[in-house]
Every structure is written in C-alpha cells, then in structure tokens.
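Chemist: Pasting the sequence and the predicted model now:
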Amino acid sequence: MATQSRYVEVARHITALGAVKRALTRALPAECPGGPAVVLSLLNTHGEMRMSRLSELLGVDVSVTSRHVAHAAQRGWLERLPDPVDGRSRLLRLTPAGREMVSTLGERAVEMIASTLADWSDDDLDTLITMLSRLRADFGDCRISHGGRPLAAHPDGPAPSQGAGQDALPGQAGGDLPRTPSPSHS
C-alpha cells in the first residue's frame, strides 16, 4: 500500500492538471468559449434533452446553463423544440452547424494534444491513456445533483457518463475524444 506522501504527490499532480484544461480551453475558437462548447459536447454525446437535464450534467445552476444555451442558439448551433411529452418544456437539440462546431472543437483539442505530446512514445501515450482511464473509473461520476444526491438515471435521457459535465472537453463525448484506432505495435 502506498504511503501518505505518495497520495500527497498524486493530489498535487491532479490539481496541476487544471493548467492542461486551461490550455485546451485556450485552443477553442473565440466564438465558442468553454461553457457553450461543453453544452454542445454534452448534446452531441447524450442527444436532445431538457434544460434541467443539461444543467444537472453540467453541475451548474439552470441560469448558468441558460446563458450557455443562449450563446449556442444565437449562433445556430442548437435549437429549442417543443417537448412532445410536456408541451410546456423545450428540448435542446444540436443543429448541423452545431455538429460541425463539435467536430471543429474535437479537432482543435486533438491538434493541441498531438503538438504538445509529439515527442512522447506510443508506449508512453498508452500508459497515460491506461492510467487516466483507471483514475476516471475509480473516481466514477462523483458530481452531486442540486438535491445533494449523486446523479443517477434521469427520465430526460441516459445516466451521465463518467467525466461528463464541466470536466468534459469540447468535441468530446463525456470527456472522451473521438475514438481512433490505436497504432499497432508490431
């Protein structure tokens, strides 16, 4: 079992990952800042949903979510449609322009990561992927809903995936970059 000092070192490095997230956010197009980018990513991952569900996935108040949604809607990246189950509610759905922006966001994130880690070996990248995946799995979805309970399945859509929400990067499915085949190590 690891000593307490090892956990302190791990905590320090995890905290420092905020710099990586900030660098990736700076790679976003000026017209699509972080909040709206994550909204687009979540809609791309989970499909259409109500504002309340999106707010839960983001882990923020509905008023904050509403501002991000308004930004994306004004640019034609999402549309608000009547909810067939409850006519008083609206469903949010990506438009073709929104799907195009999600693709652009993902490409920008991959370009920045590829540029930054260009001198890493395939084995180093495989180790990083394995360990980050394990870390995410061990932490699970530890966000708390507005009611103080962990997020669970919701009638408006699927249960949140690990990493969904504010920690998801633009163009990612719940924090995952689009899947690409791993190079074979022959």
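Modeler: Arrived safely.
Chemist: got the buried residues for the lowest-mean-pLDDT helix or strand in the chain?
Modeler: Lowest by mean pLDDT, DSSP states H and E among the helices and strands of the chain is helix 18-26, with a mean of 91. Within helix 18-26, the residues scored as buried using 16 or more other CB atoms under 10 Å are L24. Every C-beta, even on glycine, is put in place using the N, C-alpha and C of the backbone.
Chemist: Report the backbone C-alpha coordinates of it in CSV.
Modeler: C-alpha atoms of helix 18-26 as CSV (Å, rounded to 0.1, in the frame of the first residue of the first chain):
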residue,chain,number,x,y,z
GLY,A,18,-6.0,22.4,-14.3
ALA,A,19,-3.3,24.0,-16.3
VAL,A,20,-3.8,21.4,-19.0
LYS,A,21,-7.5,22.0,-19.1
ARG,A,22,-6.9,25.8,-19.3
ALA,A,23,-4.5,25.3,-22.2
LEU,A,24,-7.1,23.2,-24.1
THR,A,25,-9.7,25.8,-23.4
ARG,A,26,-7.5,28.5,-24.9
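Chemist: So what does A2 have for phi and psi?
Modeler: With angles defined as degrees, to the nearest 10, A2 sits at phi -70, psi 150.
Chemist: Distance check, it against E9.
Modeler: Separation of A2 from E9 (CB to CB, to the nearest Å) stands at 9 Å.
Chemist: So between those two, which is more surrounded?
Modeler: Each of A2 and E9 has its neighbours counted (other CB atoms under 10 Å); E9 has more, 12 against 8.
Chemist: thought L78 was touching R93?
Modeler: Yes - contact criterion CB atoms under 8 Å: L78 and R93 qualify, at 6.3 Å.
Chemist: Which of these two has more residues huddled nearby?
Modeler: Ranked by neighbour count (other CB under 10 Å), L78 and R93 place L78 first, with 27 against 14.
Chemist: who touches the more buried one in this structure?
Modeler: Residues in contact with L78 (CB atoms under 8 Å, 6 or more residues apart in numbering) are V39, L40, L43, V69, A72, L92, R93, L94, T95, G98.
Chemist: CSV for those residues, including distance to A27 and pLDDT?
Modeler: Formatted as CSV, the contacts of L78 follow (distance: CB to CB, whole Å; pLDDT from 0 to 100):
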residue, distance to A27, pLDDT
V39, 18, 97
L40, 15, 97
L43, 20, 97
V69, 22, 97
A72, 18, 98
L92, 25, 97
R93, 26, 97
L94, 21, 98
T95, 23, 98
G98, 19, 98
